[in-house]
Structures are given as structure tokens and as C-alpha cells.
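Asks: sequence and computational prediction follow.
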Amino acid sequence: MFEQFTKSARTAVIEARTVAQSCGASHIDSGHLVVALLRSDPEVRSAVGQIDADPDRLADAVTEELGNDLDAEALASVGINLEDVRRRTDAMFGEGALLGRPDPSKSNLPFGKDAKKSLELALREARRLGGRRIDGGHLLLGILRAECPGRTALVTAGVDIERLRRVIEDRDPAS
């Protein structure tokens, strides 16, 4: 299926691996794909701009949402300062140890179940819209169609999912 991706869609999928690694993830999920699309795909950036959102700020918000596995407020309620724990853990075991950062030499992270589903739905979206290739817009439509962390992170960041979907679907179908 990867051969059907446009160059910018391939770039976004490759960038998703980097995003996943920087978050300390053991696999690539749909949230990593969203961040990569927001940062690198011109069509997605344009579509997000058309709904009056800033793609860079949105990418930062989604990245923050992806990294919120440890709840600082909940820990503080029982007397634990998360930042102190992070500093001490980093000092003893290296930066990112608390988050279980994967070995940076392991560059081939697998796709998680939700990312695979999003990629499958992207192919369906491309076909439905008459596209001959899968581009970044189709990838984002696949994510918006799935019940997945990427979609949830966008909703949490305040994105009007239906409006974004319409903007992407209304673009030139000759992709």
C-alpha cells in the first residue's frame, strides 16, 4: 500500500516514527501520525488553517496530549512532585528514563493497531473521493473516521472535526 502514497504522505508516515521516538513510545500510533501531518504535510497544514487553527500550535497541543501518561495533579495529591521525580530519574538513569524511552538505535518502530486502521481507512477515503494516490488529506480523513488516540487528541485540542473533514473533502479531487 505504501507505494500508493504521495511523497508528502510518505514523509509524514516516516516523520511519525520520529515523533513516536521523541515521545518514548514503543510503537507508532495515530496520534504520532497526526503530529507528523500537522508539522510536515502542506495540504493538511492548509486545511487546518482554513478552520482558523494554527497547525504548529495544534501539533504542540497534540504532542502534549500524547505525553500525558503521567498525571502530575494526581501524583501531587498524594505528595509526589512529578518534576522532582523526573529530574532524579534522569540524573540516575539518563534522560527520558521515567518514560521508558526506546533505544534510539531501534529506528524501525512498529505501527500500532489504531495507526494500521487509520492507514486502511485512508485508502478507503482516497477511493471514495476518487483519488488515485493516498495523500496527507486522505491520511487525516482516515484518522478522523477512526475512534483512535489521534482523533481524540484533536477533539481535546478543540478542533471541529466535522468542519475539518468538510474542508479536506472539498479540495480538488484530482489528487
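Replies: The structure has been received and is ready for your questions.
Asks: please make it C-alpha for all contacts and neighbour counts, starting now.
Replies: Fine.
Asks: which sections of this structure are below the confidence cut-off?
Replies: 1, 68-76, 82, 85-86, 89-90, 93-107, 172-175 (pLDDT under 70).
Asks: in it, which spans are helices?
Replies: 7-22, 30-40, 42-50, 55-66, 72-77, 82-93, 113-128, 136-145, 149-156, 161-169 (DSSP state H).
Asks: mean neighbour count for these - can I get that in a markdown table?
Replies: Compiled in a markdown table, the helices of the chain are given as follows (neighbours: other C-alpha atoms under 10 Å):
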| stretch | mean neighbour count |
| --- | --- |
| helix 7-22 | 21 |
| helix 30-40 | 27 |
| helix 42-50 | 19 |
| helix 55-66 | 18 |
| helix 72-77 | 12 |
| helix 82-93 | 13 |
| helix 113-128 | 20 |
| helix 136-145 | 27 |
| helix 149-156 | 20 |
| helix 161-169 | 16 |
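Asks: gap between the residue nearest to Ile143 when sequence neighbours are not counted and Asp29?
Replies: Ranked by C-alpha to C-alpha, 6 or more residues apart in numbering and with sequence neighbours excluded, the top spatial neighbour of Ile143 is Ser118, at 5.0 Å. From Ser118 across to Asp29, the span is 9 Å (C-alpha to C-alpha, to the nearest Å).
Asks: with Phe2 instead?
Replies: 17 Å.
Asks: between these two, who's got more neighbours?
Replies: Higher neighbour count among Phe2 and Asp29: Asp29, with 26 against 11, using other C-alpha atoms under 10 Å.
Asks: without its sequence neighbours, what residue ends up closest to that one?
Replies: With C-alpha to C-alpha, 6+ apart, the residue lying closest to Asp29 is Ala115, at 4.7 Å.
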